[in-house]
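**Student:** need a 3D model of the sequence below.
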Amino acid sequence: MHKKTDHATPATPAAPATSGKPAAAQKWTKENLLSKPITHVDVTSFDARPVIDAYREMAYSSRTLANAADIYSLMLADKGCAVVLTLAGSLVSAGLKKALITLIENDMVDAIVSTGANIVDQDFFEGLGFKHYIAPGSPEAPPVDDLTLRDLMIDRIYDTYINEDDLRACDDTTKRIFDTFEPGAYSSREFIEAMGAYLDKHHPENESLVKTCYRKRVPIFVPAFSDCSAGFGIVLHQVEAIEAGRPMVAFDSGKDFRELTELKFASADTGLIMLGGGVPKNFAQDIVVAAELLVERRGGAARGEVGMHKYAVQMTVADSRDGALSGSTLREACSWGKVDIVHEQMVFGELTALFPLLASDAFHRRRWVGRPQRKFADLLNEGVRQTAKA
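**Tutor:** Numbers count the residues shown, from 1 in each chain. Presented below is the predicted three-dimensional model:
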């Protein structure tokens with residue numbers, strides 16, 4: 001079974017009526033349980049500006065969200081600033097795909113660093129035509145226990161269901177994409193670009209963040225690429241190659257880090273929008289330090305020649321008091337030389353409730369109008385070609 005962490009055709013019949021009977025007496029089928037797809041919120045369909053304006057004069061998370069929205073608008077108005085979006089947790093499966101696509105379509109994000117589940121198990125998965133489903137009942141009082149779900153080949157993400165059979169098809173598709181590569185080690189960005197090309201060719205009608213980024217030339221990095229459906233795909237690819245006695249492909253996380261660091265050299269001013277924490281948060285912050293090390297290696301100063309991230313916003317439910325990365329404050333990151341403290345804001349709250357407000361506010365304030373389309377994916381591909389020639 002697939003792991004729940006950091007992670008088709010819908011049927012339509014309604015769940016059995018309760019008719020006053022205890023929930024345990026109801027007969028639930030796989031078709032019943034997978035009958036109500038998740039709907040993705042459209043942040044262009046409502047204007048959150050009045051809400052954010054009101055929040056600015058309130059307190060607690062409302063005020064920090066308004067501050068975060070103001071900082072994002074500053075990022076977008078700063079035409080020389082490249083925006084890096086980080087994704088952690090199960091966001092696409094929760095209904096945020098369309099909101100994220102809106103940011104890409106309107107040049108409001110220039111690069112993405114994500115967990116594998118959001119990009120492969122959830123977005124690429126939906127790009128293939130599969131769905132995530134609203135679980136009946138509640139996680140506290142589910143009508144079907146998890147052992148029964150396992151027997152039905154249904155995976156659960158809190159209050160959301162996924163058809164495991166569909167995930168297996170997704171695994172197999174990633175394997176077939178890996179099979180098309182020449183033997184060697186590649187960054188996750190290169191594989192994900194191929195996944196975007198696959199969707200663009202075979203499923204152009206399906207809405208997908210991966211496909212949209214491919215079309216807009218926005219690179220996506222997944223530092224822990226094995227920890228998702230792509231991991232199952234690479235296992236299948238490599239075992240088959242070993243058995244056949246032929247060379248294979250592999251993931252090169254170091255190349256991911258080097259390529260993302262190149263973007264810091266390509267754009268001296270950078271801003272971060274971080275949804276959740278984890279590896280994507282640290283990976284994106286660390287490119288400042290990596291760039292400093294490369295400058296120092298060439299005879300430059302250890303500090304001062306590479307700017308910290310000029311703007312930074314993080315939304316998270318993680319606590320800062322356990323010393324873990326996900327909840328560590330952006331001011332703490334300043335001590336590491338990663339984030340400037342002039343324009344930074346932590347927003348402590350659940351992402352599906354807060355991020356649509358921030359995204360809608362930014363979209364409707366239109367500070368993104370006139371931003372350059374940086375096409376960092378083309379820049380990185382050119383670097384790959386030059387390296388190959390050398």
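**Student:** if I look at E164, what pLDDT would I see?
**Tutor:** In the prediction, the pLDDT value recorded for E164 is 96.
**Student:** kindly report the same for F283.
**Tutor:** The pLDDT attached to F283 in the predicted structure is 88.
**Student:** got it, and Q386?
**Tutor:** 52.
**Student:** following whichever strand or helix holds I162, which helix or strand shows up next?
**Tutor:** Secondary structure from DSSP states H and E places I162 in strand 160-163. Downstream of strand 160-163, the next assigned helix or strand under DSSP H and E is helix 164-179.
**Student:** send me the strand holding I162 as PDB with only the CA atoms.
**Tutor:** Listed in PDB are the C-alpha atoms of strand 160-163, where the atom choice follows Å, rounded to 0.1, in the frame of the first residue of the first chain:
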ATOM      1  CA  THR A 160     -10.000  12.000   2.000                       C
ATOM      2  CA  TYR A 161     -10.000   8.700   0.100                       C
ATOM      3  CA  ILE A 162      -7.800   7.500  -2.800                       C
ATOM      4  CA  ASN A 163      -8.300   4.400  -5.000                       C
END
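**Student:** helices and strands around that strand, which ones?
**Tutor:** Strand 160-163 is packed against strand 132-134, strand 154-157, with contacts defined by 3 or more CB pairs under 8 Å, 6 or more residues apart in numbering; DSSP states H and E. In short, each C-beta sits where N, CA and C put it, glycine included.
**Student:** just how off-centre is that strand within its chain?
**Tutor:** Between the mean C-alpha point of strand 160-163 and the mean C-alpha point of its chain there is a distance of 18 Å (CA atoms, centre = their mean, to the nearest Å).
**Student:** please apply the same query to stretch 249-266.
**Tutor:** A distance of 17 Å separates the centroid of the chain from that of stretch 249-266, by CA atoms, centre = their mean.
**Student:** and stretch 43-53, by the same measure?
**Tutor:** Here stretch 43-53 is found 23 Å from its chain centre; the criterion is CA atoms, centre = their mean.
**Student:** for that stretch, buried residues please.
**Tutor:** When neighbours are counted by 16 or more other CB atoms under 10 Å, the buried residues of stretch 43-53 are found to be V43, A48, R49, V51, I52.
**Student:** likewise for stretch 207-227?
**Tutor:** So stretch 207-227, judged by 16+ other CB under 10 Å, has buried residues 208-227.
**Student:** so can I have CSV of the buried residues of stretch 43-53 showing pLDDT and secondary structure?
**Tutor:** Rendered in CSV, the data for these read as follows (pLDDT from 0 to 100; DSSP: H, G, I helix; E, B strand; the rest coil):
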residue, pLDDT, secondary structure
V43, 98, coil
A48, 98, coil
R49, 98, helix
V51, 98, helix
I52, 98, helix
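**Student:** strand partners of the strand holding I162, parallel vs antiparallel please.
**Tutor:** Sheet partners assigned to strand 160-163 using DSSP bridges are listed as strand 132-134 (antiparallel), strand 154-157 (antiparallel).
**Student:** G370 is nearest to which of these?
**Tutor:** In terms of CB to CB, the element of those nearest to G370 is strand 132-134, at 35.6 Å.
**Student:** same question for the closest one, mean pLDDT?
**Tutor:** 97.
**Student:** C-terminal to the helix or strand where I101 lies, what's the next element?
**Tutor:** Secondary structure from DSSP H and E places I101 in helix 97-105. Sequence-wise, the next helix or strand downstream of helix 97-105 (DSSP H and E) is strand 111-114.
**Student:** elements contacting that following strand?
**Tutor:** On the basis of 3+ CB pairs under 8 Å, 6+ apart, strand 111-114 makes packing contacts with strand 81-87, strand 220-221, helix 253-266, helix 278-297.
**Student:** nearest to N106, of these?
**Tutor:** strand 81-87 (11.5 Å).
**Student:** next, the angle helix 97-105 makes with that closest one.
**Tutor:** Taking axes from the mean of the first three to the mean of the last three CA atoms, to 10 degrees, strand 81-87 and helix 97-105 form an angle of 160 degrees between their directions.
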